[in-house]
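**Student:** below are the sequence and a predicted model for it; my questions follow.
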Amino acid sequence: MMAPYLHFYHTRNLLRDHVPHLPERQSKDINLLLEYLDKEFSPDYQEAEKLFLGDELVSRKHFHKLFGPREIIVTVEEGNHIAMVSKYPPLPGSNPIRLECEMWKFNGRFAKFKRIVTIPWPKHAAEVDKVPIKSLGFFPLRFDQQLESRLRKRGELFWQLRKPRLVLYTAPSQVLDYRMGNGRYMVDIETYRRFHRLHTIENVVTEHVEEYLPLEATESDSPPTGSFTLLLPPTTYGFGFHDKKWRKLVIEYAADIVWNEDMFDMLVLPESEKNILRALLPENKASIDALVSRDRGRLILLCGTAGTGKTFAAEALAELARKPLYRLTPYEIGIELNQVENNIKEAFYLGDIWNAGTFPIQTLSDTEFSFR
């Protein structure tokens, strides 16, 4: 350990608070250490404290003191804030600062990864001795309370999305990927992994996985306490029902679906026929596999020429049943026998797993049908 003893700079007040609770021999040793630190480094420590807490600035002289043990630091990557926790203070005098950090990722399981980050003095401030702390490429989260609140809220939402969940995605146009649209997405990492085998945690830098969150903790309604939610990723993957593609979604733009159940009342049908349609929407969980004739669901054939409202009727039924709408067009089904079979099987498979054995309502144009 080298002067100015960065570890003790960050822990000296904690040590001082615990001295009265220690055995006599240990308290004597700790008091001797604290007296030495106060005598030799108190002016230096106080100067750093005033700069950090009073002015929210950092100087070259005190740059290394900014990052303590178990310090949550944040940076921006691909337009999103990400947080990680440093394990130790930096080595005094190191240039650039090098920190060994931990962060959580999720790909079916929550895994803690090790990440090494380097933090140089900002290039834009090469001739300047002091800069705002929050202008650094990496800075301690404790200096931005609003950002901490945002990250915690984002992490709590990520925790809810660890299991299949239908969300409404409303990202600003400037952050949408090419050919990506807003709309309803099913967030389901397990299914995403099945469709993208090469992107599992097991196949990506497994030597850096330090630990996994216990399965019993993953099944809890509430996330682990402490910094856990701050350290969760900013993105996940969802399946868009409008284009049948998996997309990377920014967590902050995902929200719960607001179902438009009044849409069913707008159907231009006799009330008796509406009542029949309502009655055909089962309330109990069921499963259906039309490909092998397991007739335990509901199939509704909607006939009519173009523009008579078949698609609108299916959409209204989906809203009333609070189910995602999976629409298959002739183009999406294909024309080759194997292609048709695979595409329909995929639609039935996705519908089955995303509703606990209950299919989403689906439509086939121009003869459209909905089923559960």
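**Tutor:** Looks like it came in fine. Numbers count the residues shown, from 1 in each chain.
**Student:** centroid residue for the protein?
**Tutor:** Among the residues of the chain, the one closest to the centroid is residue 158, at 3.9 Å (CA atoms, centre = their mean).
**Student:** residues in contact with that residue?
**Tutor:** 106, 229, 232-233, 236, 251 (CB atoms under 8 Å, 6 or more residues apart in numbering). All C-beta atoms are positioned from the backbone trio N, CA, C, and that covers glycine.
**Student:** please redo it, this time with the cut-off set to 10 Å
**Tutor:** When contacts are counted by CB atoms under 10 Å, 6 or more residues apart in numbering, residue 158 touches 104, 106, 110, 187, 223, 229, 232-236, 251-252, 254.
**Student:** could you pull out the helices in the chain for me?
**Tutor:** For the chain, applying DSSP state H gives helices covering 6-18, 24-49, 145-160, 189-195, 215-218, 271-279, 310-321, 330-333, 337-353.
**Student:** which strands or helices does the second one pack on?
**Tutor:** If I follow you right, that is helix 24-49. In terms of contacts (3 or more CB pairs under 10 Å, 6 or more residues apart in numbering; DSSP states H and E), helix 24-49 is packed against helix 6-18, strand 57-59.
**Student:** distance from that helix to the middle of the chain?
**Tutor:** 42 Å (CA atoms, centre = their mean, to the nearest Å).
**Student:** can you check what angle separates it from helix 6-18?
**Tutor:** 120 degrees (axes from the mean of the first three to the mean of the last three CA atoms, to 10 degrees).
**Student:** buried ones in helix 24-49, by neighbour count?
**Tutor:** By neighbour count with 16 or more other CB atoms under 10 Å, helix 24-49 contains the buried residues 30, 34, 37, 41, 45, 48.
**Student:** can you put those in TSV and add pLDDT?
**Tutor:** What follows is the buried residues of helix 24-49, written out as TSV (pLDDT from 0 to 100):
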residue	pLDDT
30	93
34	93
37	93
41	94
45	95
48	96
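**Student:** wait, which of these is closest to residue 150?
**Tutor:** residue 48 (27.5 Å; CB to CB).
**Student:** what about the residue lying closest to residue 11 once chain neighbours are set aside, how many neighbours?
**Tutor:** Closest residue to residue 11 apart from its sequence neighbours, by CB to CB, 6 or more residues apart in numbering: residue 69 at 7.3 Å. Residue 69 has 13 neighbouring residues, counting by other CB atoms under 10 Å.
**Student:** doesn't residue 7 make contact with residue 69?
**Tutor:** Yes - Residue 69 is within contact range of residue 7, at 6.2 Å (criterion: CB atoms under 10 Å).
**Student:** returning to what we had before: now list the buried members of the contacts of residue 158.
**Tutor:** For the contacts of residue 158, a burial check counting by 16+ other CB under 10 Å picks out 104, 106, 110, 187, 223, 229, 232-234, 236, 251-252, 254.
**Student:** strands - which of the residues you listed land there?
**Tutor:** 104, 106, 110, 187, 236, 254 (DSSP state E).
**Student:** across the sheet, point out what pairs with the last one.
**Tutor:** The residues paired with residue 254 through beta bridges, assigned by DSSP bridges, are residue 169.
**Student:** got a pLDDT number for it?
**Tutor:** pLDDT for residue 254: 96.
**Student:** now swap in the third one and tell me
**Tutor:** Among the per-residue scores, residue 110 shows a pLDDT of 96.
**Student:** skipping adjacent residues, who's closest to it in space?
**Tutor:** Nearest residue to residue 110, sequence neighbours excluded (CB to CB, 6+ apart): residue 213, at 3.7 Å.
**Student:** for residue 118, same thing?
**Tutor:** residue 96 (4.6 Å).
**Student:** what's the per-residue pLDDT of that neighbour here?
**Tutor:** 92.
**Student:** quick check, it in contact with residue 123.
**Tutor:** No - judged on CB under 10 Å, residue 96 makes no contact with residue 123 at a distance of 11.1 Å.
**Student:** please identify which of the two sits among more neighbours.
**Tutor:** Applying other CB under 10 Å to residue 96 and residue 123 shows that residue 96 carries more neighbours, namely 12 against 7.
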